[in-house]
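Peer 1: Any chance you can model this:
(3 chains)
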Amino acid sequence: MTVSAQKPPALAALQSNRFGQVMKKYLSVIAGFYRGNPTALLGTFIVGGLIIMSLAAPLIAQNEPNKRVARGHQPPSAELFFGSTRSGKDVFSQVLHGGRISLLVAFGAAALTTVIAVLVGISAGYIGGKTDELLMSVTNIVLVFPQLPLLIILAAFLGQVGPLIIAVIIGSTSWAWGARIIRSQTLAIRNKEFIISAEVMGESKARIVLVEILPNLTSIVVGGFVGTSIYALMAEAGLEFLGLGDPTVITWGTMLYWAQSNSAFIVGAWWDMAVPGMAIAIMGGGLALLNMSIDQISNPKLKTGAYIKIWRKQKAQMLARRAQS
Amino acid sequence: MGSSDCEVSFMGFILRRLAFYLAAIFVAISFNFIMPRLMPGNPVDALFASAMGKMPPETLDAYKEMLGFVDGPLWKQYFVYIKSVLTWDLGPTIMLYPVPVTEVLAAKVPWTVGLAGLSTLIAVFIGVIIGTYASYNRGKFVDSFMPTFWAFVGAMPQAVTALFIFFLFALTLRWFPLSYGANPDLDPAFSWTYISSILHHGVLPLVSMVLGGIGAWIFNMRNAMINVLGEDFITMAKAKGLSSRRIMTHYAARNAILPVVTGISMQIGFVMAGAIFIETVFNYPGLGLLMFKSLESRDYPTMQACLLLIVVFVLIANFIADLLYLWLDPRLRN
Amino acid sequence: MNRTDKPLLSIRNVCVDYVTEHGNARAVNEVSFDIYPGETVGLAGESGCGKSTLAFAIANLHEAPALISEGEILFEGRDILTMSSAQLRDFRWNETSMVFQSAMNSLNPVLKISEQIIDVILAHKRVSKQEAWSRAEELLATVGIHASRMNSYPHQLSGGMRQRVVIAIALALRPKLIVMDEPTTALDVVVERDIMDELFELKEKFGFAILFISHDLGLMGEIADRIGIMYAGQLVEMGTAAQILEQPKHPYTRGLVGSFPTIHGPRVRLEGIPGNPLNLLQTPAGCYFQARCSDGIDKCLKHKPQLKPLTNSGDRLVACHVAVDMEVPA
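Peer 2: The predicted structure is shown next:
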């Protein structure tokens, strides 16, 4: 019997630890997701990058976002990367600080939406019967309502609402689509034998939902979260652009609002409008890329694997061989 | 399996959808009813705050009464309100007093319906073609570039895209006018001058709407095509030696279009939202601009009427999409 | 007995690879055999042995990630694999047509069946729409479907009727060869019997050759003249139906034949074939069947057995060292 080399104690502990094994499994799943998947890599890079930059705003931006540091509407320069607003504030600093709130609202609203969608979807799909009918009627009506006009009226009635309220009203109105999808997936899983056998064995319903059903819905739920983040980001910006947000709070949306009020484009100060706009577009685009790669997990047909290039090469070789003989 | 069975389920489907849409309209009306009453403070004051000084008191009282702010229990108020709405008696607007709300709405409707409808048709048409093309060229540049590019363009707030187009083509290049639906100096008529003015003014808003929406169609169609192209009947079609054109249209696209039509119902709300921003930027005289203006002047009754009308249009569009789906998918007919 | 007539279809050393990032999986491995005009050849084997892949290769239907990397497929002397797309379109359905396993999946759900029969006629022949229509009605009559069904959609027909429609479409251009990939697997036995009887009649009437692919050896025994057995992409045995079913030489064939119960005869214990199908990305040196074979000798582990004739006539072939060694007289 061979004697194994001495392993460092931490590694040995980790390897013998069940937790360690589970972590390794998750890490390899994540690694598999990213391997050869430029869409996922790019999306994560963009999203992660913007999040980190916003979080590190005080460190990166030299000027306070609300402090007047220059004359109004100065073009981008070495000191002011993105120029200044009408009131002479640093656009670069604003876009970084504003990002924190915009992203917080977007992800917060998405989280709220996801929770509601999961609750409604799984209840409707798993319990079925009258509950299902009731929940689905409500969901369908919410679904068919045009979201933005609804949000506009809500926000108008509430007065000038801060980001928190905006997050709440977005989060409580956007769950219908996700609920539908989760419900149909739950229905599909519900009739599979392992659920029926768990029920027969007497497992509690809560445990079945948590342990058997929920893990199978992971990619849909995560995909739904990402998709809703995009929508929430744009909805928040839209509401604030129309003047429904709190103009004293700096977010990407209120930056757009101020730029529009100060006729930024008309006076030629395009950076005032373009910078927050691009920030939203880049963040939204990165999230969309992530969404596409998550889609590919649920539906592998959508994946354009690396095999296509290898295939083309081999086909060319085969044709060359045929031509010679 | 007689034809009468088909008709029954056909009719049944349509009736069920209509009942659903009716329920949705009632929810919208009820929402309009509840909202002011949920707000802190006296709803009547809040609602009509901006009317003070504009309307003579008797008119204001009549207005309040019509909207259900009468004495009595809540359900009585509700009935009065519903009666007003269904008889299309919505009173005068506040910001444009004394013009009735219904008159203002009626003037705006054709512009928004035209803009939203036409832009959707164009966006769907072009998006479906590009999506089909992308699905046929997997792994090549078109397929990796297109969805990514449009993901970013679609994530740009519609207001910003509209403003950019406005800045470039209207302000700087002066190719297109800055605002309005048609030249305000012209009298509306069926003359070519007026119609061409409409078209001229409509180009930039239309382009902005299409740019905002086309990404979703490309994506939907591409994914739907990829799913369909993996099916066995496509292989059989190829084995039959049919032309690739026939396979692409009659076999692949004809099946892929079904989930795309379902997607229309999802997208309509988004289209209307876009219309609000774009009409605001271009000062285009539609429902979206009206909503924005009534927002600015806190003209709640007009805002609520706008919401109701927008909901009605969304439901009509959904219904059209339902009929379209019914026509396209023979499996629903039995 | 060496055939004097020329083969209709000649498959020579064909290899089909599935390209993956982890390497190529060779689904069809140097398969060669001929089909003569009017004869029915059966191809049997378990799921994943490559028989469907071979069927698709015959009409050059493979798309990425499958690649026909070697070999020739000669139809009346012309190599299908080097045809241009125009020639290929001409060839397809005209000379060779196909019947797939699941009729519901092979028919376009949004087109009426009349359109699906007519479009293949119009794609290949210059006839008017009315002529194509009456031809379609004739074809449906041939398979026992009333002309009133012409305007039906696939979902409105029963499973058996759909399969008959697919067969009617296959006959539309009077091809010389019909490749049938598990045509009755999705049907219940009663319908299966009907379809098989009808196939037999049609074969007698029109004289086309059939490549009948199935995992059901018993069914194949009824309709096939010759049977080939495939395992892990290779053709491991070939002979007349009687020879294969009554005197199987390859251990795999023996296992297959032994797993089919018979209604007549004494009750015997069913024997399965132990082990699992081969992972095509990790093929062993030597014979592919070695892990599951009870007769193996040393040679089997090192040298891959080639398909060799057992008799001088060349029509009884086995790829097995043990079987060949046994046959050769000392």
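Peer 1: how about low-confidence regions in the chain?
Peer 2: All of this is about chain A. A:1-17, A:35-36, A:303-306, A:325 (pLDDT under 70).
Peer 1: To clarify, I was referring to chain C.
Peer 2: Ranges of chain C meeting pLDDT under 70: C:1-4, C:263, C:313, C:326-330.
Peer 1: Show me which residues of it sit near chain B.
Peer 2: Proximity of chain C to chain B, by CB under 8 Å from any CB of the partner chain, involves residues C:56, C:59, C:61, C:88-94, C:97-98, C:100, C:102, C:105-111, C:119-120, C:123-124, C:153, C:155-156, C:169. Bear in mind the C-beta positions are built from the backbone N, C-alpha and C, glycine included.
Peer 1: Quick check: ChimeraX command selecting the buried ones in the residues you listed.
Peer 2: Filtering these down to the buried ones (16 or more other CB atoms under 10 Å in any protein chain shown) takes a single ChimeraX command:
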select /C:56,59,61,88,89,91,92,93,94,97,98,100,102,105,106,107,108,109,110,111,119,120,123,124,153,156,169
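Peer 1: among the residues of chain C next to chain B, which are in helices?
Peer 2: Those of the residues of chain C next to chain B mapping onto helices are C:56, C:88-91, C:105-106, C:119-120, C:123-124, C:169, per DSSP state H.
Peer 1: Sticking with residue C:6, tell me its helix or strand.
Peer 2: Assigned by DSSP states H and E, residue C:6 falls within no helix or strand.
Peer 1: give me phi/psi at it?
Peer 2: For residue C:6, the backbone dihedrals (degrees, to the nearest 10) come out as phi -80, psi 150.
Peer 1: and if you look at residue C:69?
Peer 2: Reported as degrees, to the nearest 10, the phi and psi values for residue C:69 are phi -90, psi -30.
Peer 1: Surely it touches residue A:314?
Peer 2: Yes: in this structure, residue C:69 is within contact of residue A:314 by CB atoms under 8 Å, at 6.9 Å.
Peer 1: Touching both of these two, which residues are there?
Peer 2: Residues touching both residue C:69 and residue A:314 (CB atoms under 8 Å, 6 or more residues apart in numbering or on different chains): C:17, C:24.
Peer 1: Would you mind giving the domain segments of chain C?
Peer 2: C:9-95+C:175-267, C:104-174 (automatic domain parsing).
Peer 1: With distance to residue C:318 as extra columns, can I get these in CSV?
Peer 2: Below are these laid out as CSV (distance: least, CB to CB, whole Å):
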stretch, distance to residue C:318
domain C:9-95+C:175-267, 5
domain C:104-174, 32
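Peer 1: hey, what's the residue in the stretch 1-150 of chain C positioned nearest to chain B bridged with?
Peer 2: Nearest to chain B in the stretch 1-150 of chain C, going by CB to the nearest CB, is residue C:92, at a distance of 3.4 Å. Bridge pairing for residue C:92 (DSSP bridges) gives the partners residue C:96.
Peer 1: So which bits of the stretch 101-250 of chain B are right by chain A?
Peer 2: Counting by CB under 8 Å from any CB, the stretch 101-250 of chain B sits next to chain A at B:138-139, B:143-144, B:147-148, B:151-160, B:163-164, B:166-167, B:171, B:223, B:226-227, B:230.
Peer 1: So which bits of stretch B:107-117 are buried?
Peer 2: B:108-109, B:111-116.
Peer 1: Over to stretch C:7-24?
Peer 2: Quick answer for stretch C:7-24 (16+ other CB under 10 Å): C:7-11, C:14-20, C:24.
Peer 1: Let me have those residues in a markdown table, extended by secondary structure and distance to residue B:197.
Peer 2: Shown next, in a markdown table, are those (DSSP: H, G, I helix; E, B strand; the rest coil; distance: CB to CB, whole Å):
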| residue | secondary structure | distance to residue B:197 |
| --- | --- | --- |
| C:7 | coil | 75 |
| C:8 | coil | 72 |
| C:9 | strand | 70 |
| C:10 | strand | 73 |
| C:11 | strand | 71 |
| C:14 | strand | 69 |
| C:15 | strand | 69 |
| C:16 | strand | 65 |
| C:17 | strand | 64 |
| C:18 | strand | 62 |
| C:19 | strand | 60 |
| C:20 | strand | 61 |
| C:24 | strand | 65 |
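Peer 1: quick one: which of the residues you listed is nearest chain A?
Peer 2: residue C:19 (4.4 Å).
Peer 1: quick revisit: looking at the buried residues of stretch B:107-117, which are in helices?
Peer 2: Reading helices off the buried residues of stretch B:107-117 with DSSP H, I get B:108-109, B:111-116.
Peer 1: which of the residues you listed sit farthest apart?
Peer 2: With CB to CB as the measure, no two of these lie farther apart than B:108 and B:116, at 12.0 Å.
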